[in-house]
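Enquirer: Provide a 3D model corresponding to the input given below.
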Amino acid sequence: MKRIIVSLLTVVLFAAILFSCSSASSEKLGALDKTVEKACAAADFSNVEFTYKSDEYSEEILMFMYGIEDENVIDQIDDFVLSERSGMSASTFAIIRFKDDTAKFIIESAKSAVEETYVQALMNALMPYDPTEYGISQNYKFKTIGNDLVLVISKDADAVLEAIVK
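Expert: Numbers count the residues shown, from 1 in each chain. Here you go, the predicted structure:
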């Protein structure tokens with residue numbers, strides 16, 4: 001009986017790891033699924049837990065973890081997928097999709113909020129414990145692709161951005 005339970009738990013854990021960056025989560029992602037799939041194919045985000053706009057408390061994560069609290073900015077967000085780092089890994093990935101008619105200063109305001117809140121908190125958390133991961137976090141990449149604001153923190157950040165653009 002114990003072997004069956006251990007085997008079952010092993011299979012469940014393996015499946016969770018296997019599908020964390022796979023098309024199994026694309027149903028939840030909706031319009032952003034292809035972008036996330038490309039990012040996950042270009043870099044290892046296996047230690048990343050994604051939060052989707054449709055998830056419970058996702059707006060709270062957007063506000064408190066990512067620092068986007070301005071209602072004018074929130075009203076212009078069409079969709080998003082945010083990542084929450086796990087452990088002492090710097091690797092994270094987020095996409096915030098804005099409505100078509102969003103002014104550039106709104107997107108820049110969101111970018112500044114994320115840099116000041118999420119990115120800075122990540123660097124502060126990693127600095128005293130892991131110099132390698134801290135270095136990765138310092139080389140974060142932001143890119144606006146159409147209406148999407150993309151944040152990539154990874155040793156493969158350039159490859160991720162290149163994969164997304166293709």
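Enquirer: Give me the number of neighbouring residues for Ser58.
Expert: Neighbourhood size, Ser58 [other Cβ atoms under 10 Å]: 15. From N, CA and C alone the C-beta is placed, and that goes for glycine too.
Enquirer: which residues touch it?
Expert: Shown in contact with Ser58 (Cβ atoms under 8 Å, 6 or more residues apart in numbering): Thr51, Tyr52, Phe80, Leu82.
Enquirer: of those, closest to Arg97?
Expert: Of all those, the one with the least separation from Arg97 (Cβ to Cβ) is Phe80, at 6.3 Å.
Enquirer: and that closest one, what helix or strand is that in?
Expert: Assigned by DSSP states H and E, Phe80 belongs to strand 77-84.
Enquirer: How about Gly67?
Expert: Going by DSSP H and E, Gly67 is not part of any helix or strand.
Enquirer: So which residues of the protein form strands?
Expert: With strands called from DSSP state E, the chain shows them at 49-52, 77-84, 92-98, 141-145, 148-153.
Enquirer: Looking at those, spot the one closest to Val36.
Expert: Val36 lies closest, by Cβ to Cβ, to one member of these: strand 77-84, at 5.9 Å.
Enquirer: follow-up on the earlier one: from the contacts of Ser58, list just the buried residues.
Expert: The neighbour-count test (16 or more other Cβ atoms under 10 Å) applied to the contacts of Ser58 identifies Thr51, Tyr52, Phe80, Leu82 as buried.
Enquirer: close enough to count as contact, the second one and Val81?
Expert: Yes - A contact is recorded between Tyr52 and Val81 when judged using Cβ atoms under 8 Å, the distance being 5.4 Å.
Enquirer: what number of residues lie near Asp75?
Expert: 10.
Enquirer: how near is it to Glu108?
Expert: Distance, Asp75 to Glu108, by Cβ to Cβ, to the nearest Å: 16 Å.
Enquirer: repeat for Ser46
Expert: Going from Ser46 to Glu108 by Cβ to Cβ gives 32 Å.
Enquirer: quick one: low-confidence parts of the protein?
Expert: Residue ranges of the chain with pLDDT under 70: 1-31, 85-86.
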